[in-house]
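A.B. asks: This is the structure alone, sequence omitted:
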């Protein structure tokens, strides 16, 4: 009985820690997606810019994910045709020391502006 416990207890603890780590990763991925969406909305709104999108995405990350997403990176750029791309990435907080899972999200949207007809 004691020998089995020596093997089973550490394995069970590792499984529980892995499950918690995956839950943290899923939570961080959701927060990163939300920040990318907020940045894309700010960048594509009338009068918006990639800089405004970058600022909004960083503010969203700071407000919601500062304890969960480590080393965040936010990039925003204009692609041809008035399409704006906002990319947010980082790594999750680590419960298991050697396991740092990456998270990223990319949102693109057409810049909203008035165009002359004809």
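C.D. replies: Looks like it came in fine. None of these values were measured; they are calculated from a predicted model.

A.B. asks: going forward, measure contacts between C-alpha atoms and count neighbours the same way
C.D. replies: Fine.

A.B. asks: which residues in the protein form helices?
C.D. replies: Ranges of helices in the chain, per DSSP state H, are 2-44, 50-64.

A.B. asks: At the geometric centre of this structure, which residue sits there?
C.D. replies: With the centre of the chain defined as its mean C-alpha position, the nearest residue by Cα atoms, centre = their mean is residue 32, 2.0 Å away.

A.B. asks: Residue ranges in this structure under the pLDDT threshold?
C.D. replies: By pLDDT under 70, the weakly predicted segments of the chain are 115, 118.

A.B. asks: ok so, going back, how far away is the residue nearest to the centre of the chain from residue 47?
C.D. replies: Separation of residue 32 from residue 47 (Cα to Cα, to the nearest Å): 24 Å.

A.B. asks: for residue 88, same thing?
C.D. replies: 22 Å.

A.B. asks: ok, these two, which is more surrounded?
C.D. replies: Shown here are residue 88 and residue 47; by other Cα atoms under 10 Å, residue 88 has more neighbours (26 against 11).

A.B. asks: In contact with the more buried one, which residues are there?
C.D. replies: Contacts for residue 88 (Cα atoms under 8 Å, 6 or more residues apart in numbering) come out as 32-33, 35-36, 57, 72-75, 104-106.

A.B. asks: I'd like these written out as CSV, with distance to residue 20 added.
C.D. replies: Shown next, in CSV, are these (distance: Cα to Cα, whole Å):
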residue, distance to residue 20
32, 18
33, 20
35, 23
36, 24
57, 26
72, 21
73, 24
74, 26
75, 29
104, 19
105, 22
106, 25
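
A.B. asks: No further queries at this time; thank you.
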